[in-house]
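K.L.:
the following block contains a protein sequence and its predicted model.
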Amino acid sequence: MQVDAHTGGGPTIHAIPPEILARMFFFFIDPPFEVFNNNRGPWVLARVCGRWRTVMLETPLLWSSFTTHWGPIYGTQKLPLYVEAVETVLCRSKQAKLSTVFDSVWMPQSLEPFIGHISRLSALSVRCDLAELRVLGGLGQFDSLRRLDLSIGPVYDMGGPGSSVYFDIATRAPRLVNLKLMVTNHLPSAESLMLPWPQLTHLYVDFSESDTLQDNIRLHFIQQCVNLTHLRDVTYVHDSEDRQQEENGQEAATLSSLESVQIVSFRSLEHLTCPVLHTLGVEGGFDITSQDAKIFREFVSRSGCTIRNGFFAPGPPICQISPPTVALVEQLCTITHLQTDSTHLDNLRDHTVFTLLKYQHTRPLFPAMQSLTLIVRDFRPLIVEGDFQAGLIDTIESRCNPLSNSTPTRLSSFRIRPQVKDSYVSTDWGPATLLTTELYRKLREFEKTGLKVEIDYLGGHFGS
């Protein structure tokens, strides 16, 4: 009697409003969920009790982001069950915008449930070959599609007469602005993919098989994106005499809206002109050749851009800073905000970017840098004693207390920003567990000299 009076006659969870339950369910599902796995995702929640089932069925958003996978390993025997599961999900998502991953479209029949729902797709990720992609492209009008991820594997020719066009939505995706294109084998031609290139604002491109033909196709795609604002090209472009001879005399395309570019190879900039570019990211480290330095110098010269923000992955340690590296980094003398990460590093003394920051030549590199952000993808280096934290302290100290004869801009802001999976560490980790006592004390000392220190951590934010 006393328990019933205190709890209102039932378990506390029954008093939670439906909209709060729905929000909790969303985090439990962690979309996208696998359609053909009824032991996970929304299928489980809908079987707990009548109230939870009602909340699930009355919240279309919980059914709107999912993955479908139907490959050869399943054969045709279970296809009716798969189709039934997809139809159920599509029905329960009602008119919500769909975010879908097609892990394979091996059988055209596996796509039949989507006929009539293609216009609801707002985000689509496809992993298949070109022949399968042709099937998907024939489904209808992609009226709501804003983001498209294409991961194209081995190319199998479907045979028969006709065009080499495998995927044509150039006039059927009026809202598409974000494209991720990964090619793990050779595209037969630039006409294989007909997309609304001029309306794209964000492009991620990765051609793993990079030869002269594929580079030309990749460059053709990029140059058509005349309204692009953000480009990430992670294709490693190999150098060769054949490529140099073929590209001699090729004019650079002007991307007048491009503000941010992230690259692995500096050759990605060789045939581009970007007058408003202000952010440059380099993922391949600083193993710079004289050709890299020349390409970047010519790029900056013809573009007339001023790069203010830089992101540089550490790459392999450099024992000695080469003249080409110095020549290239000196072109980045206008960078005021520098960001780097500590991926797979146990020793920050070997961190390429930090080595550059402490390098003294005729003048310090990155002389205009005012703020430095260190992205930590693994907490371990920061919570152990040793060279990692010593390298970090040395680097900050060298920029907070510059030599009088070098006079670089004094560092005014330092930030640590972790990027880890929630399952990796406890969510109650804060500054006391993220930093060693010595590192915490040194950062506090730097604060007294005017340095703004910020540390983002799971569960909060610490800063001056």
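P.N.:
Cool, the structure landed. Residues are numbered from 1 along each chain as shown.
K.L.:
ok, residues contacting the host helix or strand of R232?
P.N.:
Assigned by DSSP states H and E, R232 falls within strand 230-233. Strand 230-233 has contacts (C-beta atoms under 8 Å, 6 or more residues apart in numbering) with 201-206, 218, 222, 225, 255, 258-265, 268, 281. C-beta coordinates here come from the backbone N, C-alpha and C atoms, glycine included.
K.L.:
try 6 Å this time
P.N.:
With contacts defined as C-beta atoms under 6 Å, 6 or more residues apart in numbering, strand 230-233 is touched by H202, L203, Y204, V205, S260, V261, Q262, I263, S268.
K.L.:
need those in CSV (columns: pLDDT, secondary structure and distance to S125).
P.N.:
As requested, the contacts of strand 230-233 are arranged in CSV below (pLDDT from 0 to 100; DSSP: H, G, I helix; E, B strand; the rest coil; distance: C-beta to C-beta, whole Å):
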residue, pLDDT, secondary structure, distance to S125
H202, 97, strand, 15
L203, 97, strand, 15
Y204, 97, strand, 12
V205, 94, strand, 15
S260, 96, strand, 22
V261, 96, strand, 23
Q262, 94, strand, 20
I263, 93, strand, 23
S268, 90, helix, 24
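K.L.:
any chance of those in a markdown table, plus distance to D287 and neighbour count?
P.N.:
Listed next are those as a markdown table, based on distance: C-beta to C-beta, whole Å; neighbours: other C-beta atoms under 10 Å:
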| residue | distance to D287 | neighbour count |
| --- | --- | --- |
| H202 | 28 | 17 |
| L203 | 25 | 23 |
| Y204 | 23 | 16 |
| V205 | 22 | 20 |
| S260 | 23 | 18 |
| V261 | 19 | 25 |
| Q262 | 17 | 18 |
| I263 | 14 | 20 |
| S268 | 15 | 25 |
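K.L.:
quick one on the thing from earlier: in the strand holding R232, which residues are buried?
P.N.:
The neighbour-count check on strand 230-233 (16 or more other C-beta atoms under 10 Å) flags H230, L231, R232, D233 as buried.
K.L.:
now stretch 203-213
P.N.:
Here stretch 203-213 shows L203, Y204, V205, D206, F207, S210 as buried, counting by 16+ other C-beta under 10 Å.
K.L.:
can you check stretch 13-26 too?
P.N.:
L21, A22, F25.
K.L.:
one more: stretch 217-227?
P.N.:
So, applying 16+ other C-beta under 10 Å, buried residues of stretch 217-227: I217, R218, L219, F221, I222, Q223, Q224, C225.
K.L.:
against F167, how distant is the fourth one?
P.N.:
If you measure F221 against F167 using C-beta to C-beta, to the nearest Å, the figure is 13 Å.
K.L.:
the third one too?
P.N.:
From L219 over to F167 the distance is 19 Å, taken as C-beta to C-beta.
K.L.:
got the buried residues of stretch 217-227 as a markdown table, with secondary structure columns?
P.N.:
A markdown table is the format used below for those (DSSP: H, G, I helix; E, B strand; the rest coil):
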| residue | secondary structure |
| --- | --- |
| I217 | helix |
| R218 | helix |
| L219 | helix |
| F221 | helix |
| I222 | helix |
| Q223 | helix |
| Q224 | helix |
| C225 | coil |
